[in-house]
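>>> Sequence first, predicted model second:
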Amino acid sequence: MSDVKAKKLLILDDEEEIAKILGEIAEDCGFSVSLSHDAMNFLSILDNSYDCIILDLMIPGMDGVDVIRSLSQKEVDPDVILISGADRRTLHSAQTLAGEYGLRIRSVMEKPIRIADIRSILSELFEKSANVPRLKNSNSGNSRFSFNAQDLYKAIQADQFVLHYQPKIDLKTGKVEGFESLVRWSHPELGLVYPDSFLPIMEKETKILNAMTDKIIDLALAECSKWKGMGKEFRMAVNVSPVTLTELDFPERVYAKVKEKGVSQRDFQMEITETSFLENIRFTQDILTRLRIRGIGLAIDDFGTGYSSLKQLHRFPFTELKIDKSFVMDSLEDRESLFICQASIDLGHKLGMTVVAEGIETKEVENLMKEAGCDIGQGYYYSRPIPPEKIPEVLANFG
Ligand code: C2E
Ligand code: CA
Ligand code: CA
């Protein structure tokens, strides 16, 4: 028996000619293709056997946004390509919304579609779905696997949480100035599980999140200290959810860990990833202020989105501003995104902060960020987050 399962793709486009052409290209790329010309039919056919869907946003009767919403309520998890004749901003808005509904948008294309473009994205997706376990990069809201607090607690006990490290590059010198540590769950059966699949559950169970945060701080400090021992010093950042910032002894505990590992507090930094409403803003302010008094760096993460706002910037003693990657990634095609990056850089500098552009994926975007005066760059252009054994390679490339 062969265990190679056909990769299935479903196309929704009311223009039959276009659907047919897209279908032929997809078949060329290896997919087994089904076509649908109306939304109700599409939703009734779609089940979790499909690996990929192409969705036209302009469908008579039920529009693409209705379809996106309905998709998010179904037990399916396909890669999604959005196509539309609508203008770029509408398409961008639909894309953002789809992401918020937990869909995995792989590409967004304006009609008329170039055959070379769709062929290239489809063959990439075909390769990917053939090689990569489906759970990778899955979104918590849409994942086929769900974990409970007990699973996560056991995983902490079994030391299954590991850190990967992504370099932060000094845009003036081109050298590594530090690493951001990002947690992954090394699951015995599922392989690497990404934080989107378990952090939201942890954030509801503060005890578990606190236990994990303690472990990752230890891991990151141990890594930093190991390199210091070999004469290489760089900054190390960990991500901390403000949900964990409720224990008033947190600053002392962290400071003691930093000193115990022989790391300079100036080289240790926390990125505050704010996703939820702060229940006790005074506690958070108390804790952040006392971390700063001890010399530990504080970054405001995902600046420009959600709660990472001007008010937080004013209120808390941040030393670094990380522009949200959505603005950086769009900055080449979208003037407004570039303006937002530029304004954030200027604002950060006026407030005496170091500014980081996250999500740099190309040389062109790196150039834009350099021209805008940004201090530090981070993103796939330099390196994806890597396991610790690959750090020497990155240091050699950007040393
Ligand atoms: P974040 O802190 O904003 O981290 C950046 C995320 O963007 C990472 O995803 C990283 O892999 C990804 N990324 C980096 N460069 C690029 C790029 O050029 N293009 C694109 N498309 N993505 C890029 P990851 O590792 O899946 O982490 C997701 C989020 O989970 C993080 O967002 C952070 O909020 C949270 N997180 C990660 N590790 C921890 C942790 O140890 N503790 C806590 N509390 N949260 C964590
Ligand atoms: Ca971060
Ligand atoms: Ca971020």
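That came through, no problem. Ligands and ions are numbered 1, 2, ... in the order given.
>>> Just give the closest residue to residue 363, not the sequence neighbours.
residue 381 (6.8 Å; Cβ to Cβ, 6 or more residues apart in numbering). Where C-beta positions appear, they are placed from N, C-alpha and C, glycine not excepted.
>>> nope, residue 175 is what I meant
Nearest non-adjacent residue to residue 175 (Cβ to Cβ, 6+ apart): residue 398, at 5.5 Å.
>>> Over in this protein, which residue gets nearest ligand 3? Let me know.
residue 302 (4.3 Å; Cβ to the ion).
>>> Could you report the neighbour count for that residue?
By other Cβ atoms under 10 Å, 21 other residues sit near residue 302.
>>> Ramachandran coordinates for it?
Phi and psi for residue 302, reported as degrees, to the nearest 10, are phi 50, psi 40.
>>> So which residues of the stretch 151-300 of the chain form helices?
199-204, 206-229, 250-260, 281-293 (DSSP state H, counting those that start in this stretch).
>>> With mean pLDDT and mean neighbour count as extra columns, can I get the ones you listed in JSON lines?
Output for the helices of the stretch 151-300 of the chain, formatted as JSON lines (pLDDT from 0 to 100; neighbours: other Cβ atoms under 10 Å):
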{"stretch": "helix 199-204", "mean pLDDT": "89", "mean neighbour count": "17"}
{"stretch": "helix 206-229", "mean pLDDT": "95", "mean neighbour count": "18"}
{"stretch": "helix 250-260", "mean pLDDT": "95", "mean neighbour count": "17"}
{"stretch": "helix 281-293", "mean pLDDT": "87", "mean neighbour count": "17"}
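>>> of all the ones you listed, which lies closest to residue 349?
Nearest to residue 349, of all the helices of the stretch 151-300 of the chain, is helix 281-293, at 18.9 Å by Cβ to Cβ.
>>> Enumerate the residues of this protein near ligand 1.
With the criterion set to Cβ under 6 Å from any ligand atom, the chain comes near ligand 1 through 166, 182-183, 194-196, 199, 216, 238-241, 271, 273, 301-302, 325, 358-361, 379-380, 385.
>>> tell me the contacts of the residue of the stretch 101-250 of the chain found nearest ligand 2?
As assessed by Cβ to the ion, ligand 2 sits closest to residue 239 within the stretch 101-250 of the chain, at 4.6 Å. With contact set as Cβ atoms under 8 Å, 6 or more residues apart in numbering, residue 239 has these partners: 180-183, 270-271, 273, 301.
>>> go again using 10 Å as the cut-off
Contacts for residue 239 (Cβ atoms under 10 Å, 6 or more residues apart in numbering) come out as 180-183, 195, 199, 213, 216, 220, 270-273, 299, 301.
>>> related to what we said a few turns ago, please, a ChimeraX command that selects the buried ones among the residues of the chain next to ligand 1?
Command for ChimeraX that selects the buried part of the residues of the chain next to ligand 1, burial taken from 16 or more other Cβ atoms under 10 Å:
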select :166,182,183,194,195,199,216,238,239,240,241,271,273,301,302,325,358,359,360,379,385
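>>> From the residues of the chain next to ligand 1, which land in strands?
Of the residues of the chain next to ligand 1, the ones assigned to strands by DSSP state E are 166, 182-183, 238-240, 271, 301-302.
>>> ok, those residues vs residue 19, which is closest?
For these, the nearest to residue 19 is residue 302 (37.7 Å; Cβ to Cβ).
>>> The closest one is in contact with residue 328, isn't it?
No: Residue 302 sits out of contact with residue 328 when judged by Cβ atoms under 10 Å, with a separation of 11.2 Å.
>>> so what's the closest residue to residue 330 other than its chain neighbours up against?
In space, and not counting its chain neighbours, residue 330 is closest to residue 337: 3.8 Å by Cβ to Cβ, 6+ apart. Residue 337 sits next to 92, 304, 323-324, 326-331, 368 when contact means Cβ under 10 Å, 6+ apart.
>>> What about ligand 2: which of these touch it?
Applying Cβ under 5 Å from the ion to the contacts of residue 337, one finds that nothing falls near ligand 2.
>>> Turn the residues you listed into JSON lines, columns for pLDDT.
Below are the contacts of residue 337 laid out as JSON lines (pLDDT from 0 to 100):
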{"residue": "92", "pLDDT": "79"}
{"residue": "304", "pLDDT": "89"}
{"residue": "323", "pLDDT": "97"}
{"residue": "324", "pLDDT": "95"}
{"residue": "326", "pLDDT": "94"}
{"residue": "327", "pLDDT": "96"}
{"residue": "328", "pLDDT": "98"}
{"residue": "329", "pLDDT": "96"}
{"residue": "330", "pLDDT": "94"}
{"residue": "331", "pLDDT": "96"}
{"residue": "368", "pLDDT": "98"}
